[in-house]
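Asks: The following comprises the amino acid sequence and a computationally predicted model.
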Amino acid sequence: MNFVAIDFETANSKRSSACAMGIVVVNNGRIIEKKSWLIRPKELRFDRINVYIHGITEKDVKDEPEFNKLWNNIRPYLENQIVVAHNASFDMSVLRYVLDEYNISYPSFDYLCTVNVSKTTWQGQVNNKLDTLANMLNINFKHHDPCDDAVACAKILIEALKITESNSIEELCTKAKIKLGKVFKNGYRPCKIYKYNPSFQNTTSNPSESFNKCNEIHPFNNKKIIFTGPLRSMSRAQANKKVANLGGINGYGVTLDTNYLVAGIKDYENLRYDQLTTKLQKAYSYIERGINIKIISEGEFLKML
């Protein structure tokens, strides 16, 4: 699970007007390096709307190097890697346009868009914006800071790999029917969902589960269900599928609107606080504050199913 997440901010409506870039390196599913640069655009012109979005001004970048001066430092992070971005069509076009601006040859790498990943991993979201997903997954970040945006993007992909039980980006793309994009010397190929299945995690060959999809009296209907720890009776993806087919809401982090936390941990009630999972610790802290979260065992979950 090695990849590089990137994010660009631009000074104006021109895609070549990169004024900041963030890079995050992920190795074995862990963030190991963060980098960011302020960049002086070749045309030093900032549109008011861009400044409003990211807060970067002409004054901030007027003494910074142009992109061509930074390229030798940036290129090794991208060359022959899997590069990830949220709404990657934007970031890849910024990269290509700014390289064209300086007549620099494109590097060669595959890339993945986490908007496409989110569309096939989390259904029922209001939208697939970076801040929406980060809020759902309890990722704290400063939106439109290029390094923070890259970190959030990386964490979204790491979480998607976990909940889809994918051991690699290639496996995730196979499950989600996503075709990796590619940037190469003479051009690029977009990342896209080539056979869109809006609920690849929720498909089932069991007619009784499909019948229960609209079961409005089931205790899981319209309730947010979170899992922690390994389940013995089924995979996490299968459990999420069963919840969704009963009208429940799949959640991936304990929040104030969580209804049930299913603990796949034997005798979790007898563990010390420091032996509990982060989700259990958070749930207990909310319960102490009067939040109505029910913690149930895997056995209780199966009975409720």
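Replies: Received, thanks.
Asks: tell me which element K303 falls in.
Replies: Secondary-structure assignment from DSSP states H and E places K303 in helix 298-304.
Asks: ah, wrong one, I meant L112
Replies: When elements are defined using DSSP H and E, L112 is found to belong to strand 109-113.
Asks: Which SSE is immediately downstream of that strand?
Replies: On the C-terminal side of strand 109-113, the closest following helix or strand by DSSP H and E is helix 114-121.
Asks: Quick check: which helices or strands does that following helix pack against?
Replies: In terms of contact count using 3 or more Cβ pairs under 8 Å, 6 or more residues apart in numbering; DSSP states H and E, helix 114-121 is assigned the packing partners helix 146-163, helix 169-176, strand 178-179, strand 192-193. For every residue, glycine as well, the C-beta is placed using N, CA and C.
Asks: helices and strands of the protein: which one bottoms out on pLDDT?
Replies: The helix or strand of the chain with the lowest confidence, counting by mean pLDDT, DSSP states H and E, is helix 207-211 at a mean of 40.
Asks: quick one: I6 and H86 touch, right?
Replies: No: taking contacts as Cβ atoms under 8 Å, I6 lies outside contact range of H86: 9.6 Å.
Asks: Show me which parts of whichever helix or strand V26 is part of are buried, residue by residue.
Replies: In this structure, V26 is located in strand 18-27 according to DSSP H and E. Buried residues in strand 18-27, counting neighbours by 16 or more other Cβ atoms under 10 Å, are found at A18, C19, A20, M21, G22, I23, V24, V25, V26.
Asks: And those, which two are furthest apart?
Replies: Of all pairs drawn from these, the one with the largest separation by Cβ to Cβ is C19 and V26; the distance is 24.8 Å.
Asks: picking up where we left off before, in terms of mean pLDDT, which of the helices and strands packed on helix 114-121 ranks lowest?
Replies: When the helices and strands packed on helix 114-121 are compared on average pLDDT, strand 192-193 comes out lowest at a mean of 88.
Asks: So what are the sheet partners of it and their directions?
Replies: Strand 192-193 has its sheet partners listed here by DSSP bridges as strand 178-179 (antiparallel).
Asks: neighbours of D91, just the number please.
Replies: The burial metric for D91, expressed as a neighbour count using other Cβ atoms under 10 Å, is 27.
Asks: Report the beta-bridge partner residues of the nearest residue to it once chain neighbours are set aside.
Replies: Residue nearest to D91 in three dimensions, not counting chain neighbours: A85, with 3.9 Å by Cβ to Cβ, 6 or more residues apart in numbering. Partner residues in beta bridges with A85: C113, with DSSP bridges as the criterion.
Asks: can you check A18 too?
Replies: Taking DSSP bridges as the rule, A18 bridges to T10.
Asks: residue contacts, it?
Replies: If a contact means Cβ atoms under 8 Å, 6 or more residues apart in numbering, then A18 has F8, E9, T10, A11, I39, P41, F67, V94, L95, V98 as its contacts.
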